[in-house]
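K.L.:
My questions concern the predicted model and sequence given below.
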Number of protein chains: 2
Amino acid sequence: MAATIEALREEGFSGTSAREIARRAGCNQGLVFYHFGSVTNLLLAALDEVSALRLTRYQDAVEGAHDVGQLVATAESVFVEDLDAGYISVLAEMIAGASSTPGLGAEVAARIAPWRRFAADAMRDMLADTPFSQLVAPEELAHAVVALYLGLEMLAHLDGDRAPALALFERARQIAGLLGALGGVSVAKEEPWAR
Amino acid sequence: MAATIEALREEGFSGTSAREIARRAGCNQGLVFYHFGSVTNLLLAALDEVSALRLTRYQDAVEGAHDVGQLVATAESVFVEDLDAGYISVLAEMIAGASSTPGLGAEVAARIAPWRRFAADAMRDMLADTPFSQLVAPEELAHAVVALYLGLEMLAHLDGDRAPALALFERARQIAGLLGALGGVSVAKEEPWAR
DNA sequence: GTCTATACTTGGATAGAC
DNA sequence: GTCTATCCAAGTATAGAC
């Protein structure tokens, strides 16, 4: 499983063959099929593990954050962990690779669903009792956050440079602090601006 | 070239072989190597064409937009075009696939660079003479926009559902209109908040 | 320029020894 | 459970006829 994650991160979807995985795991190629039936099944199992592992990590991190600034700071440290371990790379490679294997798309989508729910919950909590809850639905914001996270990871991985992504987190933290200081007075809560 | 774009969109990076491209183009597989030398070269040529094609389209669209609301509306219609034609899919597949072919990453990154410059210019124009120019650097915002665009496309392609992405554009348009109406009075321009 | 034919490599998957 | 050996399919790439 660890070898699969490693291979997905370093060799990409199309480079992650049974032979490549076995080479990294230091075992025989046939074992992939003995234990998982097919390479695709192993890829999905790896995605399952990554997904479960990270989700609990995220939940713990978000529970410890009590304002938006802390939330962004937490998101940043978790993002760095993801970059280092290549977890989001696994996700991105699986999403991109899904188009080449019939039926894989649905499986990948199903495994991303919990992340979306998690993000939506986090956004709901974050927006609660702020004037912004009138401006944007938590599910919408969550979709944007997931997409942004994915895109940032892909660009960071492509360039081998995480600085632009980290600068964005820094900026988000700064703006979050600013909005917190304004205390939500600049936008009146009573206005029914939401469509 | 058209067959290559089509294949990348429908079969993904790993499904886009010389044979698959030739099948779609209705010609012989060997022609790929006669005309382009290698499959990788053809992929890069296709990315070049898509990049050039879309960049001029984007530039025209942005020139026609004179406020933020129009800019967002324009971005949405161009985004829908991209989804329909699979242009961003080509980009996403090439980025994800880059990790499997040594040296491909740098080539892909070089072809994305003009998009980043374009996005940064558009953001600079958009932020000019607004109080937000103090809050965030155009390059930072551009990086986020490119990443978000990429992520939205990947999720839309995975789910076969573009509704969440379109809802976000709608929301952005709404908020842009709101900010325009506020006229930038809620944030004083003199404050040196930017680090 | 386009085709057929072919050499060579890699990958998925299975059979059978241990 | 793990290994060796092997089959088969698919991919890249080239040579050579037309």
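P.N.:
Great, that's in hand. Residues are numbered from 1 along each chain as shown, chains lettered A, B, ... in the order given.
K.L.:
those helices in chain A, which residues are they?
P.N.:
A:2-15, A:18-25, A:30-36, A:39-63, A:68-85, A:87-97, A:104-127, A:138-159, A:163-182 (DSSP state H).
K.L.:
so which of those helices is the most packed in?
P.N.:
Highest mean neighbour count of the helices of chain A: helix A:87-97, a mean of 26 (counted as mean count of other CB atoms under 10 Å in any protein chain shown). C-betas here are computed from N, CA, C, even on glycine.
K.L.:
Which neighbouring elements make contact with that one?
P.N.:
Applying 3 or more CB pairs under 8 Å, 6 or more residues apart in numbering or on different chains; DSSP states H and E, we find helix A:87-97 packed against helix A:2-15, helix A:39-63, helix A:104-127, helix A:138-159, helix B:2-15, helix B:87-97, helix B:138-159.
K.L.:
Report the angle between it and helix A:68-85.
P.N.:
If you take axes from the mean of the first three to the mean of the last three CA atoms, to 10 degrees, helix A:87-97 sits at 70 degrees to helix A:68-85.
K.L.:
got the angle for helix A:87-97 vs helix B:2-15?
P.N.:
130 degrees.
K.L.:
Helix A:87-97 near DNA strand C at all?
P.N.:
No: applying CB under 7 Å from any atom of the strand, one finds helix A:87-97 separated from DNA strand C by no less than 10.9 Å.
K.L.:
Let me see the mean pLDDT of stretch A:162-173.
P.N.:
The average of the pLDDT scores along stretch A:162-173 is 96.
K.L.:
now A:Asp60: how far from B:Ile175?
P.N.:
32 Å (CB to CB, to the nearest Å).
K.L.:
now swap in A:Tyr58 and tell me
P.N.:
Distance from A:Tyr58 to B:Ile175, by CB to CB: 27 Å.
K.L.:
Just want the residue of chain A that's nearest DNA strand D.
P.N.:
Per CB to the nearest atom of the strand, A:Asn28 is where chain A lies closest to DNA strand D, at 3.1 Å.
K.L.:
Now that residue: closest residue in space that isn't a chain neighbour?
P.N.:
With CB to CB, 6 or more residues apart in numbering or on different chains as the criterion, A:Asn28 has its nearest non-adjacent residue at 5.9 Å, and that residue is A:Ala22.
K.L.:
Contact partners for that neighbour?
P.N.:
A:Ala3, A:Asn28, A:Gln29, A:Leu31, A:Val32 (CB atoms under 8 Å, 6 or more residues apart in numbering or on different chains).
K.L.:
so what's the closest residue to A:Arg162 other than its chain neighbours up against?
P.N.:
Take A:Arg162 and drop its neighbours on the chain: the residue closest to it by CB to CB, 6+ apart is A:Ala156, 4.5 Å away. Going by CB under 8 Å, 6+ apart, A:Ala156 touches A:Leu83, A:Arg162, A:Pro164, A:Ala165.
K.L.:
now A:Leu150
P.N.:
The neighbours of A:Leu150, taking CB under 8 Å, 6+ apart as the test, are A:Ile88, A:Leu91, A:Ala92, A:Ile95, B:Ala147, B:Leu150, B:Gly151, B:Met154, B:Leu155.
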